[in-house]
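Enquirer: have a look; sequence and predicted model below, questions after that.
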Amino acid sequence: MHKADLIVGLQWGDEGKGKIVDMMAQDYEVVARFAGGHNAGHTIVTNGKKYALHLIPSGILNPDAVNIIGNGVVVCPANLMKEMSQFDNLEGRLWLSDKAHLILPYHQMIDQAKERMRGDKAIGTTGRGIGPAYADKISRSGHRVGELKDVETLFVKIVEYLNQNRPVFEAMGVDVPSENSLKEDLERYRDGLLPYITDTTQMIWRELREGRKILLEGAQGTMLDIDHGTYPYVTSSNTIAGGACTGMGLSPKQIGRVTGIAKAYCTRVGNGPFPSEDFGPDGDRLREQGHEFGTTTGRPRRCGWFDAVAIRHACALNGCDQISLMKLDVLDGFEKIKICVGYEFEGERIDYVPYDLEHVTPIYETFPGWEKVEGIDDYDALPDSAKAYIETIERVSGVKVGIISTSPDRNDTIVRP
Ligand code: GDP
Ligand code: IMO
Ligand code: MG
């Protein structure tokens, strides 16, 4: 049986998934996104040119690959159309599931209003309406992409929904869109997206049956998963491997090789626990050397050391066959490098991720640094201290580091046999 290979983030997002999907997409015929929305920001650099993708799968730069936005994704039509305008000739190369849920303008306003109401307990969302759109989906009052085929009926349903919820919106300070602007927006979305809407479940089954090579592209990261992440400081979808089954309509038996993407250190945007965060000069240096500012919101990312406990947890949740270790070059020039190898929790040492990550203290091992790995594309050419660091990561996570990335460029990558 043919299977679809999978890429997932192992940390708190922004691990460098875009680079690896783009690189691997050269060998795949279909690339599919299965969860999240335009909260994601995937940066790809090829031949010195930089692309920022949010919703369109990172396989789009391979002119021969077909790209699918699956049913598990939440789609903001206005943003998707804007992103699509960067590319020519997308027809036949991009498909959008009729079962994906729509992010409508009021979802974004609700997201931002709720964050304001949370005050100092704000989650630090991207403010894109992701949570409210998924909330409507789960509470069975959402609207699906397929409804754009009959805008008249969709319009009536949305007006009814807005009228029912008007008192709540008013209490939250959310401006309900006028009926005229809503109608115009929906017609614009229909005109822009209709040629791309299809039953992507049937499509992916057909592609598998016909033996095409399929790559599933995760967004966000394992520690942001709605069930297994640092709740409530998470996103609103299942970002882990299991999400690829529900978000595409694949059975667990149809998932092939799983590659987990992890940075050689750790970052997080938004609020919530981050045990190995470094508040001192090393954290600042990681942010500077790693250009750790969000692709989607431009926010400075919180930075810290590689958390081996969280990675082991993530590898187990995703069934990782290999780790792709990103941004090793960002550690260039550090005299000492730390790895969090355990947590202290309620007076004891533990080596698992507990219910409440807020109250753990990291236990570190310190390793000697190296001068420079930037641009190296051959494992044997790495300094011994870098090899020792990678081998420690393999030992503590129990998973092979099959890919090592040493710059943003597609070519500066070590692929181990
Ligand atoms: P994603 O959300 O997981 O796709 O990751 P982002 O694109 O948000 O963030 C990763 C950033 O690191 C991007 O700006 C990439 O161009 C960059 N990047 C990826 N791999 C490497 C690497 O090995 N070294 C360096 N210096 N930058 C990298
Ligand atoms: P990629 O795919 C990093 C974070 C937000 C916030 C939390 C909830 O680029 O790795 P949301 O808007 O989803 O309700 O915000 O999740 N977040 C991400 N952090 N990378 C991402 O995506 C993220 N998508 C959401 O910062 O803390
Ligand atoms: Mg990102």
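Expert: Looks like it arrived, so ask away. Just so it is clear, the model here is predicted, and its values are computed rather than measured. Ligands and ions are numbered 1, 2, ... in the order given.
Enquirer: confidence score at the closest residue to ligand 3 within the stretch 201-350 of the chain?
Expert: Taking CB to the ion, ligand 3 has its nearest neighbour within the stretch 201-350 of the chain at Thr295, 4.8 Å off. To be clear about C-beta, it is placed using only N, CA and C from the backbone, and glycine gets the same treatment. Per-residue confidence (pLDDT) for Thr295: 77.
Enquirer: so the closest residue to it other than its chain neighbours versus Asp185, what's the distance?
Expert: Of all residues not flanking Thr295 in the chain, Gly41 sits nearest, at 2.8 Å (CB to CB, 6 or more residues apart in numbering). For Gly41, the distance to Asp185 equals 24 Å [CB to CB, to the nearest Å].
Enquirer: from the geometric centre of this structure, which residue sits farthest away?
Expert: Asn180 (34.8 Å; CA atoms, centre = their mean).
Enquirer: run a quick neighbour tally on the nearest residue to Val353 once chain neighbours are set aside.
Expert: Counting by CB to CB, 6+ apart, His313 is the residue found nearest to Val353 once chain neighbours are left out, at 4.2 Å. Neighbour count of His313, defined by other CB atoms under 10 Å: 21.
Enquirer: tell me the mean pLDDT for the helix or strand containing Trp95?
Expert: Applying DSSP states H and E as the criterion places Trp95 in strand 94-97. Computed over strand 94-97, the mean pLDDT rounds to 98.
Enquirer: what of stretch 110-125?
Expert: On average, stretch 110-125 scores 96.
Enquirer: how about that stretch: buried residues?
Expert: Buried residues in stretch 110-125, counted by 16 or more other CB atoms under 10 Å: 110-115, 123-125.
Enquirer: is ligand 2 contacted by it?
Expert: Yes - judged by CB under 6 Å from any ligand atom, stretch 110-125 comes into contact with ligand 2 at 123-125.
Enquirer: now stretch 29-49
Expert: Yes - between stretch 29-49 and ligand 2, judged by CB under 6 Å from any ligand atom, the touching residues are 39-42.
Enquirer: adding distance to ligand 1, secondary structure and pLDDT, write those residues out as a markdown table.
Expert: Listed next are those as a markdown table, based on distance: CB to the nearest ligand atom, whole Å; DSSP: H, G, I helix; E, B strand; the rest coil; pLDDT from 0 to 100:
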| residue | distance to ligand 1 | secondary structure | pLDDT |
| --- | --- | --- | --- |
| Asn39 | 10 | coil | 96 |
| Ala40 | 6 | coil | 96 |
| Gly41 | 5 | coil | 93 |
| His42 | 3 | strand | 92 |
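Enquirer: of these, closest to Pro281?
Expert: Gly41 (26.8 Å; CB to CB).
Enquirer: what's the separation between the closest one and Gly59?
Expert: 16 Å.
Enquirer: more neighbours, the two?
Expert: Each of Gly41 and Gly59 has its neighbours counted (other CB under 10 Å); Gly59 has more, 28 against 19.
Enquirer: bridging residues for the residue nearest to that one when sequence neighbours are not counted?
Expert: Spatially, and ignoring its direct neighbours in sequence, Gly59 is nearest to Val31 (2.6 Å; CB to CB, 6+ apart). When assigned by DSSP bridges, Val31 has beta-bridge partners Asn67, Leu215.
Enquirer: where in the stretch 101-250 of the chain is pLDDT low?
Expert: Within the stretch 101-250 of the chain, not a single segment meets pLDDT under 70.
Enquirer: ligand 1 contacts on that one?
Expert: Counting by CB under 6 Å from any ligand atom, the stretch 101-250 of the chain has no residue next to ligand 1.
Enquirer: show me where the stretch 101-250 of the chain has its helices.
Expert: Ranges of helices within the stretch 101-250 of the chain are 105-118, 130-138, 151-172, 179-193, 200-209, 241-248, based on DSSP state H, counting those that start in this stretch.
Enquirer: to Asp27, which of these lies closest?
Expert: Nearest of the helices of the stretch 101-250 of the chain (CB to CB): helix 200-209, 15.0 Å.
Enquirer: pull the residues that contact that closest one.
Expert: With contact meaning CB atoms under 8 Å, 6 or more residues apart in numbering, helix 200-209 is reached by 1-4, 29-30, 32, 66, 68-71, 95-99, 214, 248-250, 254.
Enquirer: SS state for the residue nearest to Val353?
Expert: helix (DSSP: H, G, I helix; E, B strand; the rest coil).
Enquirer: begin at 29 from here
Expert: Will do, 29 is the new start, and the previous item becomes His341.
Enquirer: so which of the helices of the stretch 129-278 of the chain is the most packed in?
Expert: Comparing the helices of the stretch 129-278 of the chain by mean neighbour count (mean count of other CB atoms under 10 Å), helix 269-276 ranks first with a mean of 23.
Enquirer: packing partners for it?
Expert: Helix 269-276 is packed against strand 32-37, helix 228-237, strand 283-291, with contacts defined by 3 or more CB pairs under 8 Å, 6 or more residues apart in numbering; DSSP states H and E.
Enquirer: against which helices or strands is the shortest one packed?
Expert: Helices and strands in packing contact with strand 32-37 are listed as helix 45-52, strand 242-245, helix 269-276, strand 283-291; criterion 3+ CB pairs under 8 Å, 6+ apart.
Enquirer: got a list of contacts for it?
Expert: With contact meaning CB under 8 Å, 6+ apart, strand 32-37 is reached by 43, 45, 48-49, 52, 56, 60, 232, 236, 241-250, 252, 267-269, 272, 276, 278, 282-290, 346, 348.
Enquirer: point out the residues in the stretch 79-228 of the chain that sit beside ligand 2.
Expert: With CB under 6 Å from any ligand atom as the criterion, the stretch 79-228 of the chain meets ligand 2 at residues 151-154, 156, 158-159.
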